[in-house]
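In: what follows is a predicted structure for the sequence shown.
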Amino acid sequence: MQHGEATLRRRFWRPTAATIGVCALVAAPSAAGAVDGIDQVPAPVGREAVYLPWVADGDLGITIDGNLDDWAEVPAIVSTDGPTPSADPATTGELTWSVAAQGSRLFVSATITDASIIAGQHEENYWNEDSIEVFLNATDAIDTTTYGPGIGQVRFSAVDIGNTDPTTLTLSGTNVDTFDVEGFVFATPDGWGLEGVIDFSEWIEPAHGLSLGFQVHANGATTADRDLKVIWSDTDPDDRSFDDPSVFGTGVLFELGQTDVPAPSARSGASATTTETTDTTEAPTTTTPTTEAPTTAPPTTDAATGDADTTEDTAVLDPPSSNADSWTQSPLLFLIPLAIGLASLTGYVMSRRRAVEDDEPYDDVAPPL
């Protein structure tokens, strides 16, 4: 009987290891991800506030190289509304963007459908042609109505398509020289896009729950001058972000791994009224401050691209990855297969113990799970 008990103990370990291995494999898809906890980032608050996945000292796993594969699990937002929206966003004017933060660096990626790219035709007035704008207020004065240090409009232009030096972008925008910016601008099958990083370390100390002024715009021209204006946040219905930082939306730093959901800071200057039909354009260069990087713009581009994806605007899209339900998926799902495996194992061990006690034969075969 002692030999039988020793055999049972030895054989007990084998199925236990097998069970744990199987359960680990089953649980692997749920636990997989570029960064732990990114699936717990809260959903945006309407079109007024967005939570930014943030790590204080770790690594988001994002490399600024013009390849957006490492953004697969970062929540994406689609914007098609604004003072001058597109009549056919599937082919022109559907802006899909994501934002995250690491330490004091803001990471942003964006793509836009664009059937005819217009770039380099308006000299330094890149707001009058295809461009994407990121607005950031990284100061304590989140409701200020005037631009100052730490508050800027960073305009990425399609004129940089093909530029392989991330430090020599053709940047423009109000107070753009406030921040250090790097990035890539690239063509896509149905338009163009960008991947960039904005360093705000000089202005404010990041922390879980910190509210920043944040906004995203897109400009587009079909043949010559701008005839498309898309704005993410409802707080700027009249296209005034370039002149008035108080109408930015809000970006809230959400530290990955935290369980509490901090509320966005109350905004005294924000308005929830949306104006869909007002065509408001920026002032000419003489009254709109613009600053360009000391670079030579690439040749003018005016080329049609392939057919666009016909996905409708739903305000918030699940990220294009296997982790489709990023807002609701829970890493605890792996407990279900673990519990089933352990229950099967327990039943098997009890039956073999009875067999040993009754001097029944005991085959050295791992039990089925």
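Out: Perfect, I can see it now.
In: drop to CA atoms for contacts and neighbour counts, all remaining ones
Out: Fine.
In: in space, what's closest to residue 143 - neighbours in sequence excluded?
Out: Spatial nearest neighbour of residue 143, excluding adjacent residues (Cα to Cα, 6 or more residues apart in numbering): residue 246 at 4.6 Å.
In: do the same with residue 81
Out: residue 230 (5.4 Å).
In: residues contacting the one you found?
Out: 79, 80, 81, 82, 83, 84, 85, 93, 95, 217, 218, 219 (Cα atoms under 8 Å, 6 or more residues apart in numbering).
In: with pLDDT and distance to residue 267 added, can I get those in TSV?
Out: Output for these, formatted as TSV (pLDDT from 0 to 100; distance: Cα to Cα, whole Å):
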residue	pLDDT	distance to residue 267
79	98	22
80	98	24
81	98	22
82	97	21
83	97	22
84	97	25
85	98	26
93	98	29
95	98	25
217	98	20
218	98	23
219	98	26
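In: which residues in this protein form strands?
Out: 49-55, 76-79, 95-102, 105-113, 131-137, 151-157, 180-188, 191-199, 211-221, 226-231, 249-255, 316-317 (DSSP state E).
In: and the angle for the third one with strand 105-113?
Out: So the one you mean is strand 95-102. Here the directions of strand 95-102 and strand 105-113 differ by 170 degrees (axes from the mean of the first three to the mean of the last three Cα atoms, to 10 degrees).
In: next, the angle from strand 95-102 to strand 131-137.
Out: 40 degrees.
In: try the first one
Out: Here strand 49-55 points in a direction 80 degrees away from that of strand 131-137 (the same axes, to 10 degrees).
In: and strand 49-55, what other elements does it pack with?
Out: Under the contact criterion of 3 or more Cα pairs under 8 Å, 6 or more residues apart in numbering; DSSP states H and E, strand 49-55 touches strand 95-102, strand 249-255.
In: who does the shortest one pair up with?
Out: Read it as strand 249-255. Strand 249-255 pairs in its sheet with strand 49-55 (parallel), strand 211-221 (antiparallel), by DSSP bridges.
In: the first one now?
Out: Partner strands and pairing direction for strand 95-102 (DSSP bridges) are strand 49-55 (parallel), strand 76-79 (antiparallel), strand 105-113 (antiparallel).
In: comparing the ones you listed, which comes out most buried?
Out: Sort the strands paired with strand 95-102 by mean neighbour count, taking mean count of other Cα atoms under 10 Å, and strand 49-55 sits at the top with a mean of 27.
In: got the contact list for that strand?
Out: 38, 41-44, 60, 74, 99-103, 208, 233, 249-256, 264.
In: in CSV, could you pull the C-alpha coordinates for it?
Out: Written as CSV, here are the backbone C-alpha positions of strand 49-55 (Å, rounded to 0.1, in the frame of the first residue of the first chain):
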residue,chain,number,x,y,z
ALA,A,49,-13.0,64.4,-22.2
VAL,A,50,-10.8,61.4,-23.1
TYR,A,51,-8.8,59.2,-20.7
LEU,A,52,-5.1,58.9,-21.7
PRO,A,53,-3.4,55.5,-20.9
TRP,A,54,-0.4,56.6,-18.9
VAL,A,55,2.6,55.0,-17.3
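In: surely residue 48 is in contact with residue 236?
Out: No - taking contacts as Cα atoms under 8 Å, residue 48 lies outside contact range of residue 236: 9.4 Å.
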